[in-house]
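K.L.:
mind looking at a prediction? Sequence and model below.
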Protein chains: 2
Amino acid sequence: MTTDKNFLRSGCPIVSGLDVFGDKWTLVILRDLICGKETYTELANSPEKIPTNRLAERLRMLESEKIIEKSLYQEKPKRYKYLLTEKGRDILPILQEIARWGNKYIEDTWVPPKWFMQEER
Amino acid sequence: MTTDKNFLRSGCPIVSGLDVFGDKWTLVILRDLICGKETYTELANSPEKIPTNRLAERLRMLESEKIIEKSLYQEKPKRYKYLLTEKGRDILPILQEIARWGNKYIEDTWVPPKWFMQEER
DNA sequence: ACAGTAACTTGCAAAATTGAAGTTATGCTT
DNA sequence: AAGCATAACTTCAATTTTGCAAGTTACTGT
């Protein structure tokens, strides 16, 4: 997925949005952050098992896009937390609609908790 | 993107949804179909210029997932239309939320027409 | 007979992804 | 003091996926 802002497939807001987060892993990472995960290791341990090099690269991208912020919470040894910005938290309605569709049309999908589906939008 | 129903990354409705339409082109095709395009050539001529082999493959997938239906509208020479099913039309709210986010956070994105953004959900 | 069109398919190079293993810095345990 | 553990990554070879250009099929229209 292209993240090079110099090349745009088009000015369509859907396509431009997808060029930021429309790949195999980014929305999975954002789901986890919205659900309260904060560290690299927590993200790496999700059931979907994202490869760690992919995780690192997507986190770098999300930070450069100002969707998350990387913050050092311990000096020795250095430990980091990843926090959503407002731009990142605003992905929630997209995730809610995908979850709604998934629950409606794909069998045996988990029903997300009420707080996730009904958080203000 | 995996479409093999035998392998699921997880039972998460978001992840399972993404495993159907979360690739570089599928939601672009669905956007076009929702916007009234019907034929292969119309889809191939979108500003994003999807490669034709990719288009053909994604259409096959969408048909096998019952998100669209392929219908012959002319016998000689054979000409086809692609029509959305209810499952396909139900992708609209997802596209609306992505468009909302794109318009809010990405510069110079087109504002979709009102009918697109406000269609019943 | 020839150009044109719709709807694809084929082949190959280039790019992206995966999985496994390695690295760095530090603390904890014996 | 040596060795094991942990967090947060990085590296690399082997796939896998993608993009591009060109080719194909079955007509129609001139």
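P.N.:
Yep, that arrived.
K.L.:
rest of the way, CA atoms for contacts and neighbours
P.N.:
Will do.
K.L.:
wait, a helix at residue A:31?
P.N.:
Yes: counting by DSSP: H, G, I helix; E, B strand; the rest coil, residue A:31 is found in a helix.
K.L.:
and the residue nearest in space to the middle of chain A, how far from residue B:117?
P.N.:
Nearest residue to the geometric centre of chain A (C-alpha atoms, centre = their mean): residue A:30, 1.8 Å. To residue B:117, residue A:30 is 24 Å away according to C-alpha to C-alpha, to the nearest Å.
K.L.:
go on, residue A:107?
P.N.:
Residue A:107 is 28 Å from residue B:117, by C-alpha to C-alpha.
K.L.:
what of residue A:13?
P.N.:
To residue B:117, residue A:13 is 12 Å away according to C-alpha to C-alpha.
K.L.:
also residue A:19?
P.N.:
20 Å.
K.L.:
ditto for residue A:101
P.N.:
According to C-alpha to C-alpha, residue A:101 stands 18 Å off from residue B:117.
K.L.:
between those two, who's got more neighbours?
P.N.:
residue A:101 (21 against 17; other C-alpha atoms under 10 Å in any protein chain shown).
K.L.:
tell me the secondary structure at the more buried one.
P.N.:
helix.
K.L.:
three-state assignment of the residue in chain A that DNA strand C sits nearest to?
P.N.:
Proximity of chain A to DNA strand C (C-alpha to the nearest atom of the strand) peaks at residue A:77, 3.6 Å away. Using three-state DSSP, the structure places residue A:77 in coil.
K.L.:
OK, contacts around the residue of chain A most remote from its centre?
P.N.:
What lies farthest from the middle of chain A is residue A:76; by C-alpha atoms, centre = their mean that is 27.8 Å. With contacts defined as C-alpha atoms under 8 Å, 6 or more residues apart in numbering or on different chains, residue A:76 has no neighbours.
K.L.:
repeat that for residue A:80.
P.N.:
A:39-40, A:70-74.
K.L.:
which among these end up buried?
P.N.:
Buried by 16 or more other C-alpha atoms under 10 Å in any protein chain shown: A:39-40, A:70, out of the contacts of residue A:80.
K.L.:
strands along chain A, start to end?
P.N.:
Remark: strands assigned in chain A by DSSP state E are A:68-74, A:79-84.
K.L.:
wait, doesn't residue A:87 sit right on residue A:63?
P.N.:
No: here residue A:87 lies out of contact with residue A:63, judged by C-alpha atoms under 8 Å, at a distance of 11.0 Å.
K.L.:
looking at the two, which is more packed in?
P.N.:
residue A:63 (18 against 15).
K.L.:
nearest residue to the more buried one in space, please, no chain neighbours.
P.N.:
Once flanking residues are discounted, residue A:63 sits nearest to residue A:69: 5.6 Å by C-alpha to C-alpha, 6 or more residues apart in numbering or on different chains.
K.L.:
that neighbour bridge partners, please.
P.N.:
residue A:83 (DSSP bridges).
K.L.:
count of neighbours near residue A:77?
P.N.:
7.
K.L.:
that should have said residue A:51, apologies.
P.N.:
Other residues close to residue A:51 by other C-alpha under 10 Å number 11.
K.L.:
tell me which parts of chain A are close to chain B?
P.N.:
A:1, A:9-19, A:22-24, A:28, A:47-48, A:87, A:90-91, A:93-95, A:97-103, A:105-106, A:108-111 (C-alpha under 8 Å from any C-alpha of the partner chain).
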